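Chemist: give me coordinates for this.
(one chain, ligands or ions: 1)
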Amino acid sequence: MMNPAYYRVRLLVDLFQSVGMPVLALSNTLAFFQYRLGHLAIPSYLGIVLLWAVLRTLYTEHKQKREAKALGARPIPRVIGKWPGNIDVLLKMMRAFKTSYVLDVYLQLFEEYQCTTLNTRILWRDTHRNIARPFLARERFLDFEIFEKFTSSTMSLLSSLESSNTPFDAQDIFSRFTIDAASEFLFGKNLDTLSGSLPVAGQTKMGPKGSATEDTWGSFAYAFEMAQVNITIRARLGSIWPLFELFKDRNKEACDVIRKWVDPLVQQALNDKRQMQESGIEHKIEEKTFMQHLAETTNDAITIRDQLLNMLLASRDTTACVLTYILYFMAIRPDIMARMRSEVFQTCGPSSAPTSEDIKQMKYMRAVINEAMRLFPPVPLNVREAREQPVVLPQSDGTYDYQEKGTSSAEPLYIPARTTIMYFPLLIQRNPALWGDDADEFDPERWIDPARLGRYLSNPTIFTPFSAGPRICLGQNYAYNQMSYFLTRLLQQFERVTLESEYQPEGSLPPPEWKSRKGRQSVEKIWPAGAMTLYVKGGLWVRLHKSKQ
Ligand code: HEM
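Modeler: Below is the predicted model:
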């Protein structure tokens, strides 16, 4: 796969294939027959480019139909726009992304076409796991010392905010908690972002995802989030995104800031490795930081940097997202918070640290975590690409009765080679055909009541917040343990949480028109949005309250 930074080269190759080749073919033919077109030259060259595009499309369609038939599959139903290349569909979607509820743009397309797998045909163009796996071995997840260290700094911070009755952005604090904990085991160095300056209620502006802070950490967080927003915009545009960045790489500024932060850490790891090799010291994998482990696998600074950023994203934004949405539900459903609290007190008492056995026992806590990830999966949409050969997807799930002429909905779906496939855990996990009519409701009970749990047990791929199959999340156990540990400590100290919506930065409250729409958006009190990972737009502004006695 070509490095995304060389996108202009890819654009040139595409341009040559669609314009250069037909133009060359025509001019060579004319030269061979020594024929001059005179004033017909421009229309003829335009005509040949158009004809070439039409022939290529017809040929591809014919080939794909044959391949589908040979595989006993049917083609994916097509979105048919008014403009060539479905450009009108793309523009409509890009406009809607700015104001609509998370992923509603896609849900509306599914409803319009009465089908949950669609071919949007925009322009009609159709390693690191092996490095990370040994590092993320099971034992590492049972080391609760790191959790205690960072949970207790976060609780001190939250307690001081509570005693001064100060509203704060919980999403920002949870991201600081997860990054500080992750940096300790990734680089062996606490970034100590929890001690930095926090966003201030009523003053802080909106950052690319949550709220923005001005300190050094804020500049990294801003760039890291900006890069995610930019990558999401590129993904929405699909293969034509380089056309919009011909003169300016929109990610350059963010990448420069990120590199300034990460490169010294990478260099340090490579230097340490050299020194250790010279002095003949060897560490076991359990004693190494992720950075040391990476430096031992390769000397390539770029690979180390990419891996590290991957891990930062995997371990910071995802877990912080779930904790943020759980706090949101605790605020709007105090009954659920009270039940969680009573389970924590029964299992661990008012002040003891939870053990891994305690965490296993707290079934209601696990149900709340799962239910939050069902409605708000931190990775709300995901992308895969078909390989060199065409493949088939299983037959459609029966959500809608859609059937393409001359096909049967029992047939599997045909996917041409090298096709990009987007799928939406957030929509799958809220689909009433899979979860029942109350799919939009936050109800942890569905993970406890055996009759309702049966839906998931008989069809586990309807719940895939950690993905599934060969690329399933490697940090799943770490995440469950870290979240349960943190929530236990939080519930031991605090009895209530209230939303402080008046402090949400301007433009981050749900638009009034959502009230009249279907589904969760009619009741949502915050603006859920996605840029690689899910977040609350402008942050989640709350106050915490301790019990009165
Ligand atoms: C609630 C928290 C988390 C959620 C919901 C989550 C979700 C996911 C998902 C959906 C993927 C698949 C991405 C893809 O399709 O390519 C993934 C991959 C991964 N996650 Fe997590 N994750 C979480 C926490 C963590 C943590 C805490 C770590 C590290 C300690 C971690 C490490 C990884 C790694 C290394 C991969 C890449 C696996 C591969 O490339 O095959 N994750 N995660």
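Chemist: mind listing what the nearest residue to L393 once chain neighbours are set aside touches?
Modeler: Residue nearest to L393 in three dimensions, not counting chain neighbours: L413, with 4.3 Å by C-beta to C-beta, 6 or more residues apart in numbering. Glycine gets a C-beta too; all of them are placed from N, C-alpha and C. L413 sits next to 73-76, 117, 392-396 when contact means C-beta atoms under 8 Å, 6 or more residues apart in numbering.
Chemist: ok, so of the residues you listed, who is nearest Y456?
Modeler: P394 (18.0 Å; C-beta to C-beta).
Chemist: so that closest one is in contact with P412, correct?
Modeler: Yes. Judged on C-beta atoms under 8 Å, P394 makes contact with P412 at a distance of 5.7 Å.
Chemist: quick one: the longest helix anywhere in the chain near the ligand?
Modeler: Assignment by DSSP state H gives helix 301-332 as the longest helix of the chain. Yes. Residues of helix 301-332 contacting the ligand under C-beta under 6 Å from any ligand atom: 311, 314-315, 318-319, 322.
Chemist: thinking again about what came up before, among the contacts of L413, the buried ones, what's the ChimeraX command?
Modeler: Restricted to buried positions by 16 or more other C-beta atoms under 10 Å, the ChimeraX selection for the contacts of L413 reads:
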select :73,74,75,76,117,392,396
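Chemist: now the two most distant members of the contacts of L413.
Modeler: P75 and P394 (15.1 Å).
Chemist: returning to what we had before: for the longest helix of the chain, which positions count as buried?
Modeler: Buried residues in helix 301-332 (16+ other C-beta under 10 Å): 303-305, 307-309, 311-312, 314-332.
Chemist: same question for that helix, mean pLDDT?
Modeler: In this model, helix 301-332 has a mean pLDDT of 90.
Chemist: so what touches the helix or strand just after it?
Modeler: Counting by DSSP states H and E, the next helix or strand C-terminal to helix 301-332 is helix 334-348. Helix 334-348 is contacted from outside by 329-330, 354, 358, 361-365, 368, 442, 444, 487-488, 491-492, 495-497, using C-beta under 8 Å, 6+ apart.
Chemist: the same query, at a cut-off of 10 Å, please.
Modeler: Defining contact as C-beta atoms under 10 Å, 6 or more residues apart in numbering, one finds that helix 334-348 is touched by 326-327, 329-331, 333, 350, 354-355, 357-365, 367-368, 371, 442-445, 484, 487-492, 494-498, 547.
Chemist: likewise for stretch 46-55?
Modeler: 17-23, 25-27, 29, 40, 84-85, 124.
Chemist: picking up where we left off before, would you format the residues of helix 301-332 next to the ligand as TSV with distance to L194 included?
Modeler: Shown next, in TSV, are those (distance: C-beta to C-beta, whole Å):
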residue	distance to L194
M311	19
A314	20
S315	16
T318	19
T319	15
V322	19
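Chemist: so which helix or strand takes in A353?
Modeler: Applying DSSP H and E, one finds A353 in no helix or strand.
Chemist: I'd like the numbering to begin with 135 instead of 1 from here.
Modeler: Happy to do that; since the first residue is 135 now, the last one works out to A487.
Chemist: what residue ranges in the stretch 485-634 of the chain score low on pLDDT?
Modeler: Along the stretch 485-634 of the chain, the model assigns pLDDT under 70 to residues 530, 535-543.
Chemist: and the strand or helix carrying A429, anywhere near the ligand?
Modeler: Assigned by DSSP H and E, A429 belongs to helix 424-431. No. Judged by C-beta under 6 Å from any ligand atom, helix 424-431 and the ligand are separated, with a smallest distance of 8.7 Å.
Chemist: and stretch 505-514, what's buried?
Modeler: Neighbour-count burial for stretch 505-514 [16+ other C-beta under 10 Å]: 505-514.
Chemist: so it, near the ligand or not?
Modeler: Yes. Stretch 505-514 reaches the ligand (C-beta under 6 Å from any ligand atom) through 512-513.
Chemist: now the terminal residues of that stretch, how far apart.
Modeler: 14 Å (C-alpha to C-alpha, to the nearest Å).
Chemist: V391 contacts A357, correct?
Modeler: Yes. Counting by C-beta atoms under 10 Å, V391 does reach A357; the two are 3.6 Å apart.
Chemist: which one of these two has more residues nearby?
Modeler: More crowded of V391 and A357, by other C-beta atoms under 10 Å: A357, with 21 against 17.
Chemist: and the more buried one, backbone torsions?
Modeler: phi -70, psi -40 (degrees, to the nearest 10).
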